[in-house]
Each structure stands twice: as C-alpha cells, then as structure tokens.
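Participant: Give me a 3D structure for the following:
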Amino acid sequence: MGIYGAINAAISGLTAQSRALENISGNVANSQTVGFKRLDTTFSEMVAGSGGGTQAKQQSGTTAATSRATNTVAGPIVQAQVDTYMAINGPGYFVVTQASDVVDGKTTFADTQYYTRAGDFERDQYGYLVNSSGYYLKGFPLDPLTGNAIGDAPSVIQIDDKPMPSKATTEMTYQANLPTFPKTNRAVAAGNTPGSQYLQTGGSTSITTTSDITVADQQAFVDSSISGGSKTIYDANGAPVSVSLRWAQTSANTWNLYYNTGETAPATATAWSLVGEVDFTASGVMNTLTPSAPNTASATSFTIANLTVGGVNAGNVELSFDNGSLTQFNDDAGIVSSLDIQQNGYPAGQVVSLSIDEAGRITASYSNNQQRAVYEIPIATFQAEQNLRRVDGAAFAATPTSGEPKFGEGGAVLANNLESSNSDIATEFSKLIITQQAYSANSKVITSSDKMLTDALNMIR
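Facilitator: The predicted structure is shown next:
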C-alpha cells in the first residue's frame with residue numbers, strides 16, 4: 001500500500017469517524033425526543049487489491065462508515081398525565097399522516113402515510129389527534145351499534161364536539177323486595193271514587209283498588225301504600241321525566257303498582273295511574289302480572305302505555321322484573337327494600353374526556369354519563385422495519401425493502417404513557433470518546449506519513 005495508501009486509509013478513517021460523530025451528535029441532541037430511534041455506526045473494511053492471492057502480500061484497506069438503524073430497539077416507557085398520550089408495548093407503529101391545507105376551516109390531508117412511535121397525541125380545536133411533530137393519528141371508525149371497525153383502510157381520527165343524540169327511555173329494570181306486612185298510615189277514605197274501595201279488617205286497613213287514583217283520593221292512597229322509589233327517564237327529545245312509583249297491598253300476596261302523573265287539579269284528575277297487579281306465591285316468588293288497560297304485560301314485565309308525567313309523554317315504557325328481581329319477603333321496617341331501578345334512556349351529551357384501552361379502542365365519555373367506543377387505533381408492523389426510511393419528526397416511511405404495513409400483529413397500546421428516546425446519554429458519551437481518539441489517531445497517521453514523505457524528498461537534495 002505504501003505511504004500514499006496509508007494516507008488514503010487515514011483519510012477514509014477521518015471520514016468514517018466524522019460520520020460516526022455526526023450520528024452521535026444527532027443521538028445526543030434527540031435524547032429527549034419522544035419516540036426517537038438512535039442511529040448507530042457500522043464500519044466496513046474496503047480492500048484495495050487481492051495482494052497476489054497470498055497471505056504475505058495482503059494489505060489493510062480503507063474503511064467506510066454506514067448508519068445502522070435501531071428501529072427494533074424500544075425506548076423506556078414512562079407515565080404521562082395526558083389521557084391521549086400513548087405508547088406501544090411491543091412491536092409496531094402508529095399510523096399517521098400530515099395536513100396538506102386548510103380550506104374553509106376544514107383540514108385536508110396528504111395521501112402519504114407515515115409511521116411513528118411518538119405517541120404524544122392531543123386533541124386539537126377540530127377534534128383531530130395530533131402529536132408534537134404535527135402528525136395526525138389515523139384509525140378505524142367503529143360502528144355505534146355493533147362496535148366493529150368500519151372500512152379496510154384507516155382514516156384520520158376526528159372526535160369533534162358534535163353532541164351525542166338523546167335516547168328515549170324504552171325500558172326500566174326494577175329490583176325490589178316488598179314487605180309481607182307493609183307499614184302505612186292507613187285510614188278509611190270518605191266518599192270513595194267508583195272502582196276503588198278501602199277495606200278495614202280487624203286492626204288494619206287494606207286497599208283494593210281496581211282503577212286509577214284521583215287527586216281527591218290522593219292523600220288517602222298515599223297513607224295506604226308504600227313508596228316504590230323513583231327514577232328519572234327521558235322522552236324522545238331528551239327531556240327528563242321523573243317517575244315516582246307506589247305499591248298498594250290488596251291482599252296477603254297481591255299488590256297493585258302505580259306511577260304518579262304529576263296532576264294536582266281538578267279533583268277528578270288522575271294523580272296515580274294504575275300500572276297493574278302483581279301476584280306472589282306463598283313463598284314470596286313473583287307469580288303473575290295482570291295489566292291495567294291500556295297497559296300490557298308479559299310473564300316478567302309490564303309495558304306502560306304512553307307514560308305521562310306533568311304533561312310530558314315519554315311513550316311506551318317497559319317495566320321489567322327479570323330474573324326473579326321482584327320478591328315478597330318479610331321486612332321489619334315494612335318498606336320496600338333492596339331497591340334498584342335502572343333505565344336505558346339519556347339526554348344529549350357533549351364529549352368530556354377520552355380513554356384508550358390496550359386494544360387501541362378510543363372510548364369517548366359524554367356529559368350525559370354515557371360512553372361510546374368511537375375509533376380503533378391500528379398498530380402497523382413490517383417484515384423488515386430496519387429498512388424504513390426516516391423522515392422528520394421521529395417518523396418513518398415505508399420502502400420497497402421494508403415491505404407493506406400489516407395490521408393485527410402489533411403490541412398493546414398503553415394509555416397515559418410515552419415511549420422515550422432509545423438514545424442513552426452515557427452510552428453516547430462513551431462512543432464519543434472512542435470516536436475522538438480514533439479520529440486523532442487517523443490524523444496522526446497522516447502527520448507521520450507526511451513526515452516520511454518529506455524525509456524521502458530530502459534524501460535527494
């Protein structure tokens with residue numbers, strides 16, 4: 001190789017170490033960048049000739065430096081306080097894109113798709129999830145009825161402030177135990193209305209009512225019955241309707257159920273509307289339901305026709321006693337116990353928060369206490385992810401050698417977490433010292449070679 005070969009080798013060494021220093025510098029600069037993947041440096045020998053095919057004549061060649069990706073090396077995952085921050089525990093990348101323009105207040109997006117592990121996404125003023133590098137998260141919208149993903153290709157996620165529509169109550173579920181001996185403020189009412197009769201047997205008063213209770217008889221009815229609880233339901237417009245229920249025992253194992261209509265005048269108006277009769281066996285198990293027209297009944301439920309309170313018509317509402325939820329057992333207090341009333345309606349609501357589960361499903365919580373899964377975040381994996389092309393913002397683009405993205409094989413999504421840079425300052429400083437020494441050594445080779453050339457030239461003078 002000779003002196004000139006030594007100089008060439010040293011120059012290649014300087015070039016290679018400069019490349020290594022460049023990578024180290026970038027790694028140090030991005031040691032706090034979310035989702036950053038460091039670049040290591042690989043050195044390769046470049047042999048100038050075969051040396052005549054013999055070991056004795058072979059010579060050390062020059063060197064070349066190439067960058068080596070660390071895409072498969074995960075950075076530390078740290079907790080974060082933002083609900084929409086997320087990290088991937090395992091392989092894969094978030095699918096993102098960039099905004100291309102804003103037209104008439106609407107954001108348009110580029111066709112190019114990118115991939116990143118920088119999960120510091122936050123909801124912007126338009127409802128898009130954008131990370132600190134300006135990449136917009138993509139996902140699959142979910143069918144509100146089935147919860148299944150819609151479409152084959154992910155689209156930009158947008159969770160705007162459009163309210164969730166109200167839902168009218170169609171069903172109430174009722175769980176309670178009615179006391180065998182209710183404690184009431186019973187009194188015999190004067191001037192009973194047709195269809196109702198208060199009976200006094202021995203020292204107690206029972207009420208046997210086969211029709212609605214008028215405003216005039218309301219107090220006597222309340223004194224002769226016990227509260228069955230109340231529940232707010234919703235009409236078709238989302239207006240709240242407070243439904244109060246009362247139970248009146250008509251015989252040892254028979255009860256009539258009423259709801260309050262909210263009417264206070266005139267005296268002949270219906271104050272408590274009869275839903276129907278419930279009969280129990282001697283062992284306290286619900287036996288039969290007999291509706292009061294126009295209501296209907298099944299084996300385990302009443303359907304209240306045009307349930308109306310205070311002039312607000314909530315429509316037909318099913319009152320269900322499924323799975324033995326209504327019983328009659330002794331209760332020392334003489335009141336309805338173990339009471340639980342649920343209903344399936346709700347008013348309109350606005351998005352108040354978002355949560356993300358490990359499967360990447362985004363659930364929106366609304367001001368009406370409802371929740372709805374709205375998007376599924378796909379995690380893209382690649383056959384050769386080391387061959388992804390780096391782009392600005394800790395992101396990557398697919399290449400022919402990386403392969404096309406695949407979905408369904410990625411890691412779990414960890415909400416309230418972020419993946420930090422996989423660049424370690426201590427390690428980079430160690431590499432920096434080695435690189436600096438190697439650079440100095442190569443420069444020393446050039447200095448020594450130059451001196452040897454000078455000595456050789458001086459020999460002929």
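Participant: Leaving out the residues flanking it, which one is nearest to Asn256?
Facilitator: Spatially, and ignoring its direct neighbours in sequence, Asn256 is nearest to Ala248 (4.8 Å; Cβ to Cβ, 6 or more residues apart in numbering). (C-beta placed from N, C-alpha, C; glycine too.)
Participant: Helix or strand: which one has that neighbour?
Facilitator: Per DSSP states H and E: Ala248 is located in strand 240-251.
Participant: Which elements pack onto that strand?
Facilitator: If contacts are counted by 3 or more Cβ pairs under 8 Å, 6 or more residues apart in numbering; DSSP states H and E, strand 240-251 sits against strand 171-179, strand 204-209, helix 218-223, strand 226-234, strand 254-260, strand 308-309.
Participant: contacting residues around Ala16?
Facilitator: Thr41, Phe43, Thr63, Ala64, Ala65 (Cβ atoms under 8 Å, 6 or more residues apart in numbering).
Participant: ditto for Val317
Facilitator: So Val317 contacts Thr169, Thr170, Glu171, Met172, Ile233, Thr303, Ile304, Leu307 (Cβ under 8 Å, 6+ apart).
Participant: ok, now how distant is it from Ala415?
Facilitator: For Val317, the distance to Ala415 equals 38 Å [Cβ to Cβ, to the nearest Å].
Participant: deepest of the helices and strands packed on strand 240-251, which one?
Facilitator: strand 254-260 (a mean of 22; mean count of other Cβ atoms under 10 Å).
Participant: That one pairs with which strands, and in what direction?
Facilitator: As defined by DSSP bridges, the strand partners of strand 254-260 come to strand 240-251 (antiparallel), strand 270-280 (antiparallel).
Participant: Restricting to C-alpha, output the shortest one in CSV.
Facilitator: Output in CSV follows, covering the C-alpha atoms of strand 270-280 (Å, rounded to 0.1, in the frame of the first residue of the first chain):
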residue,chain,number,x,y,z
THR,A,270,-105.8,11.1,37.8
ALA,A,271,-103.0,11.6,40.3
TRP,A,272,-101.8,8.0,40.4
SER,A,273,-102.2,5.8,37.3
LEU,A,274,-102.6,2.0,37.9
VAL,A,275,-99.9,0.0,36.1
GLY,A,276,-101.2,-3.4,37.0
GLU,A,277,-101.4,-6.1,39.6
VAL,A,278,-98.6,-8.4,40.8
ASP,A,279,-99.4,-11.7,42.5
PHE,A,280,-96.8,-13.6,44.6
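Participant: Which elements pack onto the next helix or strand after it?
Facilitator: Downstream of strand 270-280, the first helix or strand assigned by DSSP H and E is strand 286-291. Counting contacts by 3+ Cβ pairs under 8 Å, 6+ apart, strand 286-291 packs against strand 270-280, strand 296-297, strand 301-304, strand 326-329.
Participant: Minimum distance to Gln158: which of those strands has it?
Facilitator: Minimum separation from Gln158 across these (Cβ to Cβ) falls at strand 301-304, 40.1 Å.
Participant: Return the distance of that closest one from the chain's centre.
Facilitator: Relative to its chain's centre, strand 301-304 lies at 36 Å (Cα atoms, centre = their mean, to the nearest Å).
Participant: Show me what that strand is packed up against.
Facilitator: Against strand 301-304 (3+ Cβ pairs under 8 Å, 6+ apart) you get strand 270-280, strand 286-291, strand 296-297, strand 317-320.
Participant: Tell me the pLDDT of the residue nearest to Tyr346 when sequence neighbours are not counted.
Facilitator: Spatially, and ignoring its direct neighbours in sequence, Tyr346 is nearest to Asn368 (4.6 Å; Cβ to Cβ, 6+ apart). Predicted confidence (pLDDT) for Asn368: 95.
Participant: now Gln55
Facilitator: For Gln55, pLDDT reads 65.
Participant: Could you do the one 10 residues further on as well?
Facilitator: Ala65 is assigned a predicted lDDT (pLDDT) of 91.
Participant: Which of the helices or strands spans it?
Facilitator: Going by DSSP H and E, Ala65 is in strand 62-69.
Participant: Outside of that strand itself, which residues are in contact with it?
Facilitator: Outside strand 62-69, the residues touching it (Cβ under 8 Å, 6+ apart) are 8-9, 11-13, 15-17, 19-20, 23, 37, 39-46, 48, 386-388, 390.
Participant: Just the buried ones out of those, please.
Facilitator: Neighbour counting over the contacts of strand 62-69 (16 or more other Cβ atoms under 10 Å) leaves 8-9, 12-13, 16-17, 19-20, 23, 37, 39-41, 387-388 as the buried ones.
Participant: ok, which stretches of the protein are helices?
Facilitator: 2-29, 218-223, 425-458 (DSSP state H).
Participant: between those helices, which gets nearest to Gly410?
Facilitator: helix 2-29 (25.4 Å).
Participant: quick one: average pLDDT of the closest one?
Facilitator: 90.
Participant: what is the orientation angle of it with strand 62-69?
Facilitator: 20 degrees (axes from the mean of the first three to the mean of the last three Cα atoms, to 10 degrees).
Participant: what's the angle between helix 2-29 and helix 425-458?
Facilitator: 160 degrees.
Participant: For Gly151, see how far away Leu142 is.
Facilitator: 10 Å.
Participant: Apologies, that question was intended for Gln32.
Facilitator: From Gln32 across to Gly151, the span is 37 Å (Cβ to Cβ).
Participant: And these two? Which one has more around it.
Facilitator: Neighbour totals were compared for Gln32 and Gly151, and Gln32 leads with 11 against 8 (other Cβ atoms under 10 Å).
Participant: quick one: contacts for the closest residue to that one other than its chain neighbours?
Facilitator: Spatial nearest neighbour of Gln32, chain neighbours left out: Ser421 (6.4 Å); criterion: Cβ to Cβ, 6+ apart. Ser421 sits next to Asn30, Ser31, Gln32, Thr33, Val34, Gly35, Phe36, Lys37, Arg38, Gly75 when contact means Cβ under 8 Å, 6+ apart.
Participant: mind giving me JSON lines with those residues and columns for distance to Asp160?
Facilitator: JSON lines is the format used below for the contacts of Ser421 (distance: Cβ to Cβ, whole Å):
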{"residue": "Asn30", "distance to Asp160": "33"}
{"residue": "Ser31", "distance to Asp160": "36"}
{"residue": "Gln32", "distance to Asp160": "32"}
{"residue": "Thr33", "distance to Asp160": "30"}
{"residue": "Val34", "distance to Asp160": "26"}
{"residue": "Gly35", "distance to Asp160": "26"}
{"residue": "Phe36", "distance to Asp160": "31"}
{"residue": "Lys37", "distance to Asp160": "33"}
{"residue": "Arg38", "distance to Asp160": "38"}
{"residue": "Gly75", "distance to Asp160": "32"}
